[in-house]
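Participant: next one to model:
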Amino acid sequence: MPSQPDDGARGAVRVRTRSFLQWQQVVSGSFVPLEVDSADPDSFDARLNGRVLENVFFSEIGVSAHRVTRTQELIDASSQMFYKLTLQLQGTALLVQDGKEAVLHPGDIGLYDTSRPYTLTFDDPMHAVVVMFPHSALDVDSHEVGKLTAVRLAGDDGLARAVSPFLRELTRTVGDLDGSTGLRVVHNTMDVISTMLAGELIRLSGNARDRSGELLHSIHEYISRNLSDPELGPQSIAAANFISARYLQQIFHKQGTTISQWIRERRMSYVRRDLRDPRLGHLAISQIAASWGFVNPAHFSKAFRADVGETASEFRARGLASATPAR
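Facilitator: Down below sits the predicted model:
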């Protein structure tokens with residue numbers, strides 16, 4: 001992902017090159033470190049258009065025949081891990097991960113995890129949409145998601161039939177979205193992707209969702225409905241889902257996070273969205289923060305700066321300025 005991802009113009013990436021060496025650098029700098037191979041580097045041609053919004057990278061790429069490999073050595077040297085979802089538009093891709101292989105044709109969707117080795121091979125020129133997002137952005141059990149890596153989601157079947165055109169059109173227009181609209185689009189897009197993957201998991205299990213996946217989905221839904229409640233915490237969440245607070249903590253520990261961190265990240269994402277919404281410009285920052293459960297202004301200010309790297313006032317001013325049409 002581009003260094004210091006931003007949800008404004010600084011998060012935009014636009015590259016057209018015939019240099020294979022430059023493309024190697026672009027791919028590793030824009031996504032995650034990768035090895036890139038080409039049988040004909042002298043005739044190489046590639047382009048990448050993309051934008052980062054809320055730490056999600058929406059991109060459209062067109063490349064000559066090539067192969068990319070994510071090795072364990074590159075993984076060990078990486079600080080962040082993401083999922084990458086590919087929508088094949090032209091050409092055929094062979095995706096290999098976790099001992100599975102998926103052949104993706106135009107319209108098909110494939111998912112892979114940058115925390116584990118994988119290869120993508122394109123024997124002919126290709127054109128694809130790629131959405132890269134943090135593990136935490138998915139409202140699906142991370143252990144369950146592993147069942148979907150290197151699995152072909154047919155573009156003419158199930159929810160993928162609706163998601164494919166949505167992602168294609170979204171990627172074409174994402175560069176024109178202003179701050180507040182862009183943040184809302186990210187939230188909606190991740191909901192759509194989560195729903196598609198959850199539906200595919202149900203299909204793979206014979207329409208019988210297992211207890212762990214059902215429980216985690218119920219927990220996530222409860223948290224989403226009650227984010228504005230300042231009393232939202234392990235005890236209330238556990239009680240609403242008929243489990244112990246200790247077991248609840250264990251569930252989130254398996255996801256590589258804590259219940260408190262999960263709640264804070266989601267509250268912060270909504271606060272950032274609302275701070276950049278011109279329609280809410282009349283509200284004080286403290287009011288917006290409180291509407292998402294941050295009732296202590298001093299604690300909120302400290303947490304916001306730690307997460308975003310600037311004060312809420314600075315973030316809001318910059319976002320509202322970018323959303324104001326030039327005269």
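Participant: for the protein, longest helix please?
Facilitator: Counting by DSSP state H, the longest helix found in the chain is helix 179-204.
Participant: then R161 would be within a strand, right?
Facilitator: No. Assigned with DSSP: H, G, I helix; E, B strand; the rest coil, R161 falls outside any strand and is helix.
Participant: count of residues packed around it?
Facilitator: R161: 15 surrounding residues under other C-beta atoms under 10 Å. Backbone N, C-alpha and C define where each C-beta goes, glycine included.
Participant: same question for L167.
Facilitator: Neighbours of L167 (other C-beta under 10 Å): 23.
Participant: go on, D156?
Facilitator: Neighbours around D156, by other C-beta under 10 Å: 10.
Participant: what's the answer for the one 4 residues further on, then?
Facilitator: Taking other C-beta under 10 Å as the neighbour definition, A160 ends up with a count of 21.
Participant: where does pLDDT dip in the protein?
Facilitator: By pLDDT under 70, the low-scoring segments of the chain are 1-10, 178-180, 205-213, 321-327.
Participant: what residues of whichever helix or strand comes after the longest helix of the chain count as buried?
Facilitator: Per DSSP states H and E, helix 179-204 leads on to helix 211-225 as the next helix or strand towards the C-terminus. The neighbour-count check on helix 211-225 (16 or more other C-beta atoms under 10 Å) flags 213, 215-217, 219-220, 223 as buried.
Participant: what's the offset of stretch 287-294 from the middle of its chain?
Facilitator: 24 Å (C-alpha atoms, centre = their mean, to the nearest Å).
Participant: please name every helix or strand in contact with the longest helix of the chain.
Facilitator: Contacts defined by 3 or more C-beta pairs under 8 Å, 6 or more residues apart in numbering; DSSP states H and E place helix 179-204 against strand 46-53, strand 56-63, strand 126-134, helix 160-173, helix 211-225, helix 259-275, helix 312-323.
Participant: so it versus strand 56-63, what angle?
Facilitator: Helix 179-204 runs at 80 degrees relative to strand 56-63, counting by axes from the mean of the first three to the mean of the last three C-alpha atoms, to 10 degrees.
Participant: so helix 179-204 versus strand 46-53, what angle?
Facilitator: 100 degrees.
Participant: distance between helix 179-204 and the chain's centre?
Facilitator: With C-alpha atoms, centre = their mean, you get 9 Å for helix 179-204.
Participant: any idea of the angle it forms with helix 259-275?
Facilitator: Going by the same axes, to 10 degrees, helix 179-204 makes 140 degrees with helix 259-275.
Participant: ok and helix 179-204 relative to helix 160-173, angle-wise?
Facilitator: Per the same axes, to 10 degrees, the angle that helix 179-204 makes with helix 160-173 is 160 degrees.
Participant: buried residues in helix 179-204, which are they?
Facilitator: Buried, per 16+ other C-beta under 10 Å, within helix 179-204: 179-187, 189-190, 192-194, 196-201.
Participant: domains of this protein?
Facilitator: 9-204, 211-323 (automatic domain parsing).
Participant: tell me the most buried of those domains?
Facilitator: Among the domains of the chain, domain 9-204 has the highest mean neighbour count (mean count of other C-beta atoms under 10 Å), at a mean of 18.
Participant: does G281 really touch I288, like I thought?
Facilitator: No. Using C-beta atoms under 8 Å, G281 makes no contact with I288, being 10.3 Å away.
Participant: with distance to H105 added, can I get the helices and strands packed on helix 179-204 in TSV?
Facilitator: Below are the helices and strands packed on helix 179-204 laid out as TSV (distance: least, C-beta to C-beta, whole Å):
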stretch	distance to H105
strand 46-53	21
strand 56-63	17
strand 126-134	11
helix 160-173	11
helix 211-225	29
helix 259-275	34
helix 312-323	39
